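**Q** generate a structure from the sequence data that follows.
(one chain, ligands or ions: 1)
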Amino acid sequence: MVKNRKKPTLRLAVAILMLLVFSGFYFLLAPYVHEEVGEGDAQVSATIPPTEATTQTQPPAVDKSSEYLVLVNKTHGLGKDYEPGDLKKVKYAVASRESQYQKLRKTAASAFNSLAKAAKKQGHTIKLTSGFRPYSYQKSLYETYVNKDGKYTAEQYSAKPGYSEHQSGLCADVSSPSVDYNLEQAYGSTKEGKWLAKNAHKYGFIIRYPKDKEDITGYEYEPWHIRYVGEDAAKEIYEQKVTLEEYLGEV
Ligand SMILES: [Zn+2]
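**A** Here you go, the predicted model:
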């Protein structure tokens with residue numbers, strides 16, 4: 001009998017306890033549940049408008065794996081056998097130079113012709129002196145310079161064979177009558193050199209070895225050496241005042 005009388009009390013106690021436990025859980029957890037939902041909503045409403053604004057104001061990112069953004073420098077070589085299959089003779093080239101080295105890859109050749117034509121319209125004569133150089137020619141140039149100046153000095157201005165950007169068919173040495181079509185640092189101070197530095201990016205070219213960037217590019221300032229990278233990349237590199245190495249995150 002005692003057992004029978006105790007049972008309802010026990011059931012009631014258990015029921016009250018369970019009620020307390022569940023309500024306790026509810027009050028403890030409810031604020032967190034609401035907060036999470038709230039934060040999520042806030043994130044959604046806060047992130048969507050800037051995302052839309054970003055896509056409206058910024059152009060699509062440049063594809064840095066583009067074939068025109070290939071990095072060739074003292075540590076990134078092209079190999080002995082690399083030769084582009086789409087080389088074209090450039091129209092605006094210095095007549096007295098050997099014409100076999102006045103070619104560029106098709107897109108770069110056409111871009112250079114546009115650059116030179118635009119320069120001419122504004123009263124500046126800018127011509128290509130040297131474009132694509134095969135491995136064999138770079139090898140003979142390099143050996144000549146090493147014999148003349150020694151290895152260390154020669155490597156400040158000449159690339160080892162296989163490591164010359166000229167082998168890519170994407171760069172050009174250019175010059176003008178004001179410096180007798182020579183390749184010298186004074187070119188950067190001539191009206192043509194200044195025009196080139198200011199306008200090359202509009203045609204997809206960059207000044208590849210800028211002043212005070214020798215520690216990054218590995219080369220002295222060369223106001224005459226321009227490199228085709230495509231218009232979008234050239235604009236970004238020009239505006240950000242960086243080298244190709246920095247732009248590609250390869251410093
Ligand atoms: Zn060059």
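**Q** the residue lying closest to residue 234 once chain neighbours are set aside - how many residues pack around it?
**A** Distances taken as C-beta to C-beta, 6 or more residues apart in numbering put residue 201 closest to residue 234, at 4.0 Å, once the chain neighbours are dropped. In this view, the C-beta of every residue, glycine as well, is placed from N, C-alpha and C. Counted with other C-beta atoms under 10 Å, residues neighbouring residue 201 total 22.
**Q** could you point out which element follows the strand ranked longest in the chain?
**A** Counting by DSSP state E, the longest strand found in the chain is strand 222-228. Using DSSP states H and E, the helix or strand that follows strand 222-228 in sequence is helix 231-240.
**Q** in that following helix, what counts as buried?
**A** In terms of neighbour count (16 or more other C-beta atoms under 10 Å), helix 231-240 has its buried residues at 231-238.
**Q** just to revisit the earlier point, the longest strand of the chain pairs with which strands, parallel or anti?
**A** Note on strand 222-228: by DSSP bridges, its sheet partners are strand 171-175 (antiparallel), strand 205-209 (antiparallel).
**Q** turn those strands into TSV, columns for mean pLDDT, distance to residue 158 and mean neighbour count.
**A** Below are the strands paired with strand 222-228 laid out as TSV (pLDDT from 0 to 100; distance: least, C-beta to C-beta, whole Å; neighbours: other C-beta atoms under 10 Å):
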stretch	mean pLDDT	distance to residue 158	mean neighbour count
strand 171-175	98	12	27
strand 205-209	98	12	25
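**Q** can you redo the ones you listed as CSV with distance to residue 130?
**A** As requested, the strands paired with strand 222-228 are arranged in CSV below (distance: least, C-beta to C-beta, whole Å):
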stretch, distance to residue 130
strand 171-175, 4
strand 205-209, 14
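**Q** those strands: which one's closest to the ion?
**A** strand 171-175 (4.1 Å; C-beta to the ion).
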